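Enquirer: dropping the sequence and predicted coords here.
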Protein chains: 2
Amino acid sequence: MCQLLGMNCNTPTDICFSFEGFAARGGKTDDHRDGWGIAFFEGKGCRMFIDAIPSISSPIAELVRCYPIHSTHVIAHIRKATQGEIALENCHPFRRELWGRYWVFAHNGDLPEFNPTGMQYYQPVGNTDSEKAFCLILETIRQSFPEGRPSLEKLYPVLRKITDKISELGIFNYLLSDGEYFFSHCSTKLCYIIRQAPFAAAHLIDQDLTVDFRELTKPSDRVAVIATTPLTDNEVWTIIKPGELLAFQDGLPLQLA
Amino acid sequence: MCQLLGMNCNTPTDICFSFEGFAARGGKTDDHRDGWGIAFFEGKGCRMFIDAIPSISSPIAELVRCYPIHSTHVIAHIRKATQGEIALENCHPFRRELWGRYWVFAHNGDLPEFNPTGMQYYQPVGNTDSEKAFCLILETIRQSFPEGRPSLEKLYPVLRKITDKISELGIFNYLLSDGEYFFSHCSTKLCYIIRQAPFAAAHLIDQDLTVDFRELTKPSDRVAVIATTPLTDNEVWTIIKPGELLAFQDGLPLQLA
């Protein structure tokens, strides 16, 4: 299976520190060697990097580790193939346009015998269960709101319903964002941490690297980092319950019905 | 206005040499400083790099210059903004999915007062005339072939017609590809060169750099490079006539009605 990393903040923040530890799992501290990818929203714009080689040996991953791109909504993924061969078109995150915005999706899990039909708007390019699930989610919410992009409160129950339906078929941890909304669904394994004032130092599990966030932040900054398993060993991560679909905004999970 | 660079080959080839000269026009030898982007197809997969800063000072452009990505279909663009502010969502190339393939588009020109309406499938994310034109092209060909992806021979006249229609509104040089088909439309300025055996050395106009293709190629290789203006000063480039829509395949322009 794969691993997910997401970030949602109230101010554009770089993900270099978290990505440093996460990327190490792509062949060094773990065996997710079948490709990787990351998407950064900058306003409505979206920048993506994907590669079908392991993140620890990818020159593009090296760039992402070293070049601070500031973003409020980030979704990253390292892949251990279950369905779909090792190929660029099967690397997450996937991206499509809906309601004049880019939507980005990454999945950790496995959906055996998942073959949605009757798709009017979206078709997968590769052959993963993950991209099929993404297409079905977009198809469903698009058809549910023909008048255009709904409020988060109206979108949430529709997303909740299709997520539950897909989850019945297998393991379906995912991150989904359009650069404003940011959703995290836990099917089996996903956790998060909120970093806010008073900031402290954090130490990575996968690399011997410490960052003192006191030196890098303003008191008003707030950052949520969401990951398959904790990235640091000196902070308390919150486990998301199986079945929970969280919407993050400005670095905080919202309470939605 | 902007500049275009395209490559279509019969074998996966890196574009480092051409991109070296092209990227220099993004702030060094020319003033296309308002962002840049490049898309590489690898099979059905598509890797894109975009940046809203000048290509000569972009660390991502530096990566593209130095890291050989091998591809048969490449589309690149450097931007000098006419419509739409300098922002990531306004950087070319643009990408959408159609018939289970990614389609990529970059435009050089200006389409004043272009506001297509009644779009069912595609909406622009940014606010350039270029992205609107791309959406209209995809919308038109999608609606013309509801049964799915047509042959090149069937697609060509439909693309020709919508291209002519949009061209009436202004300047509309473009490159368009889905990783198999590769189209170049000249409205005012576009040229190409075919490199094939016997290979020779080529020298860039925008940088003092020479590459001897004899050392880098097999006798069967064939590469078409398409650009707004010639990139080398010791080779003969073919000027595409205004109004011509060329389809390239395996490094050669095809004869299509």
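Expert: All right, it came through fine.
Enquirer: quick check: closest non-adjacent residue to residue A:27.
Expert: Sequence neighbours aside, residue A:54 is the residue nearest to residue A:27 in space, at 3.6 Å (criterion: CB to CB, 6 or more residues apart in numbering or on different chains). The way it works is simple: take the backbone N, C-alpha and C, and place the C-beta from them, glycine included.
Enquirer: which bits of the stretch 51-200 of chain A sit near chain B?
Expert: By CB under 8 Å from any CB of the partner chain, the residues of the stretch 51-200 of chain A that approach chain B are A:51-52, A:59-60, A:63, A:67, A:87-91, A:95-97, A:99-102, A:121-126.
Enquirer: turn the buried ones among these into a named PyMOL selection, would you?
Expert: Command for PyMOL, covering only those of those found buried under the criterion 16 or more other CB atoms under 10 Å in any protein chain shown:
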select buried, chain A and resi 51+52+60+63+87+88+89+90+91+95+96+97+100+101+102+121+122+123+124+125+126
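Enquirer: among the residues of the stretch 51-200 of chain A next to chain B, which ones are in strands?
Expert: Members of those lying in strands (criterion: DSSP state E): A:51, A:95, A:96, A:97, A:101, A:102.
Enquirer: would you list the phi and psi of whichever residue of the stretch 101-250 of chain A sits closest to chain B?
Expert: In the stretch 101-250 of chain A, the residue that lies nearest chain B is residue A:123 (4.1 Å; CB to the nearest CB). In this entry, residue A:123 is assigned phi and psi values of phi -130, psi 140 (degrees, to the nearest 10).
Enquirer: wait, it sits on residue B:99?
Expert: Yes. Contact between residue A:123 and residue B:99 holds when scored by CB atoms under 8 Å: they sit 6.9 Å apart.
Enquirer: contact partners for the nearest residue to the residue of the stretch 101-250 of chain A closest to chain B once chain neighbours are set aside?
Expert: Distances taken as CB to CB, 6+ apart place residue B:100 nearest to residue A:123, at 4.1 Å, with adjacent residues excluded. Taking CB atoms under 8 Å, 6 or more residues apart in numbering or on different chains as the contact definition, residue B:100 lies against A:123, A:124, A:125, B:149.
Enquirer: pick out the most distant pair among those residues.
Expert: Taking CB to CB as the measure, these reach their widest spread between A:124 and B:149, a distance of 14.3 Å.
Enquirer: and the gap between the residue of chain A most remote from its centre and residue A:180?
Expert: Using CA atoms, centre = their mean, the residue of chain A lying farthest from its centre is residue A:147. It sits 27.3 Å away. Taken as CB to CB, to the nearest Å, the spacing of residue A:147 relative to residue A:180 amounts to 18 Å.
Enquirer: residue A:255 now?
Expert: As for residue A:255, its distance to residue A:180 is 18 Å (criterion: CB to CB).
Enquirer: which one's more surrounded, these two?
Expert: Taking residue A:255 and residue A:180 together and counting by other CB atoms under 10 Å in any protein chain shown, residue A:180 has the greater number of neighbours (14 against 7).
Enquirer: sec struct for the more buried one, please.
Expert: coil (DSSP: H, G, I helix; E, B strand; the rest coil).
Enquirer: residue of the stretch 51-200 of chain A with the smallest distance to chain B?
Expert: With CB to the nearest CB, the shortest gap between the stretch 51-200 of chain A and chain B falls at residue A:88, namely 2.7 Å.
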